[in-house]
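Undergrad: just coords:
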């Protein structure tokens, strides 16, 4: 009797198993694999500290703010706390926080024009190589392991006041001009402007402005030559220009009020002229590359770079990497058409859709000098020391 009962119970259990094993396997699979996959996505807070550059046209903080908002929209379980470091002492605070255990997840490399120093930068050679290869980022070294990513910069350019040239009866120089052509043009302006009502050539001279770099880098950092700067200073003796004593505000005032004929600056200056083209003192102008003798020299300043910082959470690490890659994937045209600056990575664009045609000369360059270069960083103080001695 007992055996029959045992057999009956066993049969019931077998039938129950046969009826339910598919559901058991399904639940096991979901628990073991599906749920594991969904929990890989980081859910929580990401902290980003940025130092927006402030110029005559205001702050570019809106760029990163828009990037953050779009990324949050695409990642509904994620929140990015964006902190703007635009106050006195921001560099000191950033450096203190960057070396601490409780550091931000993403940081601007430059705070108040100073490099943020930290050993807490994420190391991931595979990801860095992937980014360099996929997006053609010239300023990332082949053997780089640290997650430091340049986003955009402002190339140095020459602004020629076409209105003033026409009024003075002087032909514009050829766009593909030499340094000797620049000196010849300055001499012609001096000859015509006997009352010295105009400034033939000028640029901002201070430790945070690098308009002079194109003139000294014909042979690279190993053999910098200051003779072009010395010759310019000599040629313009007696004019109120090319002096470290002349404030940045005064230099810009002369440019924006059509007093300066030829100005060495960067794309930020062009952006201002674009945005003030309908003002009373506006003038017609042309954007030129720097003059050169044997080889064109391009130099980028105002570089915006970001550190991805260390984390022990692999899911957070993946999100940080996704965030920086989203900039490279989606923001190239916004950098060009809204920022008026140049992406420091390869960007696909249609020339006719380019809002500012003068940028076309600098898009997707694979070779240029930059404030990111080791040669510049290592020699920055010495370079400025020699420049300020020339432009006393």
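TA: Yep, that arrived. Computed from a prediction, not measured in an experiment: that's the story for all the values here.

Undergrad: Go through stretch 210-226 and flag the buried ones.
TA: 210-218, 224 (16 or more other Cβ atoms under 10 Å). Where C-beta positions appear, they are placed from N, C-alpha and C, glycine not excepted.

Undergrad: End to end on that stretch, go ahead and measure it.
TA: This stretch, stretch 210-226, spans 14 Å end to end (Cα to Cα, to the nearest Å).

Undergrad: cool, stretch 268-283 as well?
TA: Stretch 268-283 has an end-to-end distance of 17 Å (Cα to Cα).

Undergrad: Same question for that stretch: list its buried residues.
TA: 268-273, 283.

Undergrad: residue ranges for the helices of the stretch 201-350 of the chain, please.
TA: Taking DSSP state H, counting those that start in this stretch, the helices of the stretch 201-350 of the chain run over residues 213-216, 227-235, 248-256, 267-275, 314-330, 332-334.

Undergrad: Tell me which residues of the last one come out buried.
TA: Within helix 332-334, the residues that count as buried by 16+ other Cβ under 10 Å are 332-333.

Undergrad: What of the longest one?
TA: Within helix 314-330, the residues that count as buried by 16+ other Cβ under 10 Å are 316-317, 319-325, 327-328.

Undergrad: what's the nearest residue to residue 388 if we skip its chain neighbours?
TA: residue 244 (5.1 Å; Cβ to Cβ, 6 or more residues apart in numbering).

Undergrad: quick one on the thing from earlier: CSV for the buried residues of stretch 268-283, including pLDDT?
TA: Below are the buried residues of stretch 268-283 laid out as CSV (pLDDT from 0 to 100):
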residue, pLDDT
268, 92
269, 94
270, 95
271, 91
272, 90
273, 93
283, 95
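
Undergrad: What helix or strand is residue 46 located in?
TA: Here residue 46 sits within strand 44-50, counting by DSSP states H and E.

Undergrad: how far does that strand sit from the chain's center?
TA: Here strand 44-50 is found 19 Å from its chain centre; the criterion is Cα atoms, centre = their mean, to the nearest Å.

Undergrad: follow-up on the earlier one: and which of the buried residues of stretch 210-226 is nearest residue 99?
TA: Ranked by distance to residue 99 (Cβ to Cβ), the buried residues of stretch 210-226 are led by residue 210 at 27.9 Å.

Undergrad: check contacts around that closest one.
TA: Residue 210 makes contact with 156, 299, 301, 371, according to Cβ atoms under 8 Å, 6 or more residues apart in numbering.

Undergrad: Top of those residues by number of neighbours, please.
TA: Greatest neighbour count in those, by other Cβ atoms under 10 Å, goes to residue 156: 29 neighbours.

Undergrad: Distance of residue 288 relative to residue 351?
TA: 19 Å (Cβ to Cβ, to the nearest Å).

Undergrad: Ok, residue 250 next?
TA: 37 Å.

Undergrad: Give me the more crowded residue out of the two.
TA: Neighbours around residue 250 and residue 351, counted as other Cβ under 10 Å, are more numerous at residue 250. The numbers are 15 against 8.

Undergrad: can you give me the strands for the stretch 1-150 of the chain?
TA: For the stretch 1-150 of the chain, strands defined by DSSP state E, counting those that start in this stretch occupy the ranges 44-50, 54-55, 58-59, 78-84, 106-108, 110-111, 114-115, 148-161.

Undergrad: Any chance of TSV for those, columns mean pLDDT and distance to residue 277?
TA: Converted to TSV, these look like this (pLDDT from 0 to 100; distance: least, Cβ to Cβ, whole Å):
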stretch	mean pLDDT	distance to residue 277
strand 44-50	95	30
strand 54-55	52	17
strand 58-59	50	17
strand 78-84	94	29
strand 106-108	97	31
strand 110-111	91	30
strand 114-115	89	34
strand 148-161	97	13
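
Undergrad: how about those strands in TSV, adding distance to residue 254?
TA: Below are the strands of the stretch 1-150 of the chain laid out as TSV (distance: least, Cβ to Cβ, whole Å):
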stretch	distance to residue 254
strand 44-50	32
strand 54-55	17
strand 58-59	21
strand 78-84	32
strand 106-108	32
strand 110-111	28
strand 114-115	29
strand 148-161	10
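
Undergrad: picking up where we left off before, quick check: which of the helices of the stretch 201-350 of the chain is nearest to residue 151?
TA: helix 314-330 (5.9 Å).

Undergrad: Could you name the helices and strands sitting against that closest one?
TA: Contact here means 3 or more Cβ pairs under 8 Å, 6 or more residues apart in numbering; DSSP states H and E; on that basis helix 314-330 packs against strand 44-50, helix 61-74, strand 106-108, helix 125-135, strand 148-161, strand 299-308.

Undergrad: taking the mean pLDDT, what do you get for that helix?
TA: Per-residue pLDDT over helix 314-330 has a mean of 97.

Undergrad: what does stretch 246-265 give?
TA: Rounded mean pLDDT across stretch 246-265 is 96.

Undergrad: How is the chain partitioned into domains?
TA: Domain assignment for the chain by automatic domain parsing gives 44-153+302-362, 155-299+384-390.

Undergrad: Now do the closest residue to residue 257 other than its chain neighbours against residue 262, distance only.
TA: Nearest residue to residue 257 in three dimensions, chain neighbours excluded: residue 281, at 4.9 Å (Cβ to Cβ, 6+ apart). Distance of residue 281 to residue 262, computed by Cβ to Cβ: 18 Å.

Undergrad: Kindly report the same for residue 123.
TA: From residue 123 to residue 262 the distance is 46 Å (Cβ to Cβ).

Undergrad: about what we covered before: Throw the buried residues of stretch 210-226 into CSV and include distance to residue 235, thanks.
TA: As requested, the buried residues of stretch 210-226 are exported to CSV (distance: Cβ to Cβ, whole Å):
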residue, distance to residue 235
210, 21
211, 16
212, 15
213, 19
214, 17
215, 13
216, 17
217, 20
218, 18
224, 20
